[in-house]
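1. Next one to model:
(chains A, B and C)
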Amino acid sequence: MCLAVPMEIKSIEGTTAYAEMSGLKLECDVSLIDNPAIGDFIIVHAGYAIERLDPDEAAETLELIRGAIDSIEIIHGSDEAAQR
Amino acid sequence: MDFLADFRRPEDIKRLADAITHRVEPSCDYVFMEVCGTHTMAIGRYGLRRLLPDNVRLISGPGCPVCVTPQRYVDTAIALARRANTAVFTFGDMMRVPGSSSTLSRAGSQGGTVRVVYSPNEAVSYASENPGTEVVFLGVGFETTTPVVAGSIVLAESFGLSNYRVLAAHKLIPQALEALCAPPELLLNGFILPAHVSAIIGSDAYKAVIEKYNVAGCIAGFEPSDILQGVLQLVKQVNEEKPRVENEYARVVKPEGNRKAQGLVALMFEPVDSEWRGIGVIPGSGLKLRPRYRKYDASEIEVEIEPTQENLDCRCGEILTGSILPGDCPLFGKACIPENPIGACMVSSEGTCAAYYKYRDV
Amino acid sequence: MQTNEKQIYMPSNDTIQIGHGSGGRLMHRLIDEVFAPLSGGGDDDSAILDIDASHLAVSTDSYVVQPVFFPGGDIGKLAVCGTVNDLAVMGATPKYLTVGFILEEGLSIDDLRRIVLSMAEAAAEAGVDIIAGDTKVVERGAADKAFINTAGIGVFEREPARLPIQPGDVVLVNGPIGDHGIAIMLAREKLPMGGDIVSDCAPLNGLIVEILDVCPEVRFIRDATRGGLAAVLNEITSGTGLNCEINELDIPINPPVAAACEVLGMEALYVANEGKIAVVVPEDAVNAVLGAMLAHRYGRGAAVVGCFVSGDGRVIGIGAADTRRIIEMPLADQLPRIC
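-> Down below sits the predicted model:
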């Protein structure tokens, strides 16, 4: 129970924002987040932006996910490394 | 960056599955429960169970708010749908949930007024355009959805509406985790914590229960890479014997969560003991509209509800607490199938049984 | 002064009344002035056809779509294309259609003219004649603007091969899936979202001729309408004793349609189409068939999506990292969900 999608705010009118993902434009309520701005990435659930999505954190998480790849090589590489 | 596709890459999924396989201690069992129906669906949809080593077990908990909504609530909604000058608006998830003798879908086809919407704001718009109709919105869901329903009441208030009401059945996850961990025969090593519930309540909200029961915890997003990364982190926590709350979904979840959304919910709702279908009453695990908002409370509407009739063979309760698997229920796949669901676990697309049935192993 | 122009008594702002279905002069005026673009037949009780064929394909379908006008088409275009396609997928050449209208009292003449013109255009593109028709009018509220039934007759200009599907046979689709169902849903439910999402409604008989020309031994063609690609694949597969394995990452889908499915919690595999076919061909014909499809207006997004292997009548979806799941026959129409 948490179906929500990442979208980008393209315009704002009062508490309504027009957000976009892959060419789909959606009208959503932004009254649950502070200072919404054009260009913000938001998570949209049932017609509301429930939080912002931070692209820098997203990039870091991807690095972490790929950090797992480095970890395998380290584990296979040496015993001390495997202790890490 | 594509925030969905980049977290679904085949090479990342394969490498994470390998990393988990290399990281587990062969003699240990790792039992992790996810408590969010969207996780249940994603695990099934992407076939993630088969990628994990045999000693890592993912079990599904009471993560589907539709599944844990009491039968009486469905009966009440049906009664309201049949009431004159009343229209029930709902998320699609509720339409086929079995009540004592009918479903909302059937009631709608037999003359009741039931409409499926994507957002409760659509119900508010309808109420403002149809002042002669009492509009009732079915407020089900966990903490992700409660602020949205609260927002719809704010909108109704701003329009000065007196014909918009919410039938609230919202439930709270941390209290459910407490109830799941309390039995002494607990076999869980950790929780895959929900992504968007956490976006609202914050990662700090789980600290108390994780520390009290010494179970591993990791908030994980819903894409396959997120989930596998979450499982990997849980495995590491168990190996290091350092259970704590980790947050894989840091791109959305903050330690304090969404304070504004929390504030709105606290303004309008108060905690209340709540019945979870198949499990029983969990103290302080539900929300009720505060007396100040009674004009938006649909439970104030007088309507005759049929006596509740539970199916005694249904074992959804044990499924929801992870005590048994769908295959262990004698009704699963026989009397109880998606076309003819007996319990909520089978009808809800998020329900454990529906997910297991749909994504059953090939 | 010569009066070549016919007097038109039904202005655009006029509406359908009960009397228009009563068989009298009002109805004849309606036929003359509004249905004229469709009258390939005469005034007799029945049309008489000269067909030299040992067997015919016959199909009928009723169209009750709401709303009647939607991005990419309308109920009229749907009614022509749907029946044309049902004949064409059998390998027949669609020739004649009949049309039955059930009109709601109060339907605007303007709307009706739009629908009729749309049908005439679709029929012209498909190369079919509309040779018989009927009109009834029901009270306001008993229909939603219009219901249409079309029945169609097709002749076989070549014998379809009708060979059973074998392991190794390949499945193709002629383009992105889910456009029609999502376009309809957005229009009907007035959801707070939109995009470049347009129904794919189209007559596919021309495309199918191109396919049969390069591969007369096509195993199977069927259009993927209600229930989506998942339904048609299950229909094709059940009873074959084989499994149909689909590479989900190869299924074409337009990005805004995929996004709408994410938002609403639906899967494009189960969303209705009105211009898509699943085509099963022997492995050695794939390149020729794909080439023929890509070269055609209604096959531009064509793709190979899977193949048949030994099994037990199931459709298997293969996803990222080779994960596998069963793609079942859908239960009922998908509903937007939050869970």
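
2. any weak-confidence spans in chain A?
-> Across chain A, the ranges flagged by pLDDT under 70 are A:1, A:68-84.

3. Could you identify the longest strand within chain A?
-> strand A:5-13 (DSSP state E).

4. That strand pairs with which strands, and in what direction?
-> The strands beside strand A:5-13 in its sheet (DSSP bridges) come out as strand A:16-21 (antiparallel), strand A:41-45 (antiparallel).

5. which of those strands is buried the deepest?
-> The highest average neighbour count among the strands paired with strand A:5-13, using mean count of other CB atoms under 10 Å in any protein chain shown, belongs to strand A:41-45 at a mean of 25. In this view, the C-beta of every residue, glycine as well, is placed from N, C-alpha and C.

6. Now do the contacts for the residue in chain B that chain A sits nearest to.
-> Residue nearest to chain A within chain B: B:Ser119 (2.6 Å; CB to the nearest CB). Shown in contact with B:Ser119 (CB atoms under 8 Å, 6 or more residues apart in numbering or on different chains): A:Asp29, A:Ala46, A:Gly47, A:Tyr48, B:Val148, B:Ser152, C:Pro192.

7. B:Thr103: which of those is nearest?
-> In terms of CB to CB, no member of the contacts of B:Ser119 lies closer to B:Thr103 than A:Ala46, at 21.3 Å.

8. Next, count neighbours for that closest one.
-> 28 (other CB atoms under 10 Å in any protein chain shown).

9. How about the backbone phi and psi for it?
-> When read as degrees, to the nearest 10, the backbone of A:Ala46 gives phi 50, psi 40.

10. Might one say that it is in contact with B:Thr90?
-> No - with contact defined as CB atoms under 8 Å, A:Ala46 does not reach B:Thr90; the gap is 11.5 Å.

11. Look up phi and psi at whichever residue of the stretch 51-200 of chain B sits closest to chain C.
-> Residue of the stretch 51-200 of chain B nearest chain C, by CB to the nearest CB: B:Gly92 (2.9 Å). Dihedral angles of B:Gly92 (phi, psi; degrees, to the nearest 10) stand at phi -60, psi -30.

12. Could you count how many residues lie near it?
-> Neighbourhood size, B:Gly92 [other CB under 10 Å]: 22.

13. circling back: so of the contacts of B:Ser119, which ones are in helices?
-> If you go by DSSP state H, the contacts of B:Ser119 have B:Val148, B:Ser152 in helices.

14. Now the longest strand of chain A: buried residues?
-> Of all the residues in strand A:5-13, those buried under the rule 16 or more other CB atoms under 10 Å in any protein chain shown are A:Val5, A:Pro6, A:Met7, A:Glu8, A:Ile9.

15. Relative to B:Asp6, which of the residues you listed is nearest.
-> Using CB to CB, the buried residues of strand A:5-13 come closest to B:Asp6 at A:Pro6, 10.6 Å.

16. ok, the closest residue to the closest one other than its chain neighbours to B:Arg251 distance?
-> Of all residues not flanking A:Pro6 in the chain, B:Phe3 sits nearest, at 4.0 Å (CB to CB, 6 or more residues apart in numbering or on different chains). According to CB to CB, to the nearest Å, B:Phe3 stands 8 Å off from B:Arg251.

17. Between those two, which contacts overlap?
-> Common contacts of B:Phe3 and B:Arg251, defined by CB under 8 Å, 6+ apart, comprise A:Leu53, A:Ala58.

18. Same drill for these two, tell me which one is more crowded.
-> Taking other CB under 10 Å, B:Phe3 and B:Arg251 do not tie; B:Arg251 has more neighbours (27 against 20).

19. Just list the residues touching the most centrally placed residue in chain A, thanks.
-> By CA atoms, centre = their mean, chain A has its centre lying nearest to A:Leu53, at 3.9 Å. Contact analysis of A:Leu53 by CB under 8 Å, 6+ apart lists A:Pro6, A:Phe41, A:Ile42, A:Ile43, B:Phe3, B:Arg251, B:Val252.

20. again with B:Arg72
-> Residues near B:Arg72 by CB under 8 Å, 6+ apart: B:Ile305, B:Thr308.

21. Per-residue pLDDT of it, please?
-> You'll see B:Arg72 listed with a pLDDT of 92.

22. Over to the one 5 residues further on?
-> Confidence at B:Ala77, expressed as pLDDT, is 96.

23. my guess is the residue nearest to A:Pro6 meets A:Phe41, correct?
-> Yes - counting by CB under 8 Å, B:Phe3 does reach A:Phe41; the two are 7.2 Å apart.

24. Find the residues that touch each one of those two.
-> Joint contacts of B:Phe3 and A:Phe41 (CB under 8 Å, 6+ apart) are A:Pro6, A:Leu53.

25. did I read that right, B:Thr21 in a strand?
-> No - looking at B:Thr21 with DSSP: H, G, I helix; E, B strand; the rest coil, it is helix, so not inside a strand.

26. excluding its backbone neighbours, what's nearest it?
-> Closest to B:Thr21 by CB to CB, 6+ apart is B:Pro53, at 4.8 Å.

27. burial measure for the one you found, as a count.
-> By the criterion of other CB under 10 Å, B:Pro53 has 15 neighbours.

28. Spit out the contact partners of it.
-> Per CB under 8 Å, 6+ apart, neighbours of B:Pro53: B:Ile20, B:Thr21, B:Val24.
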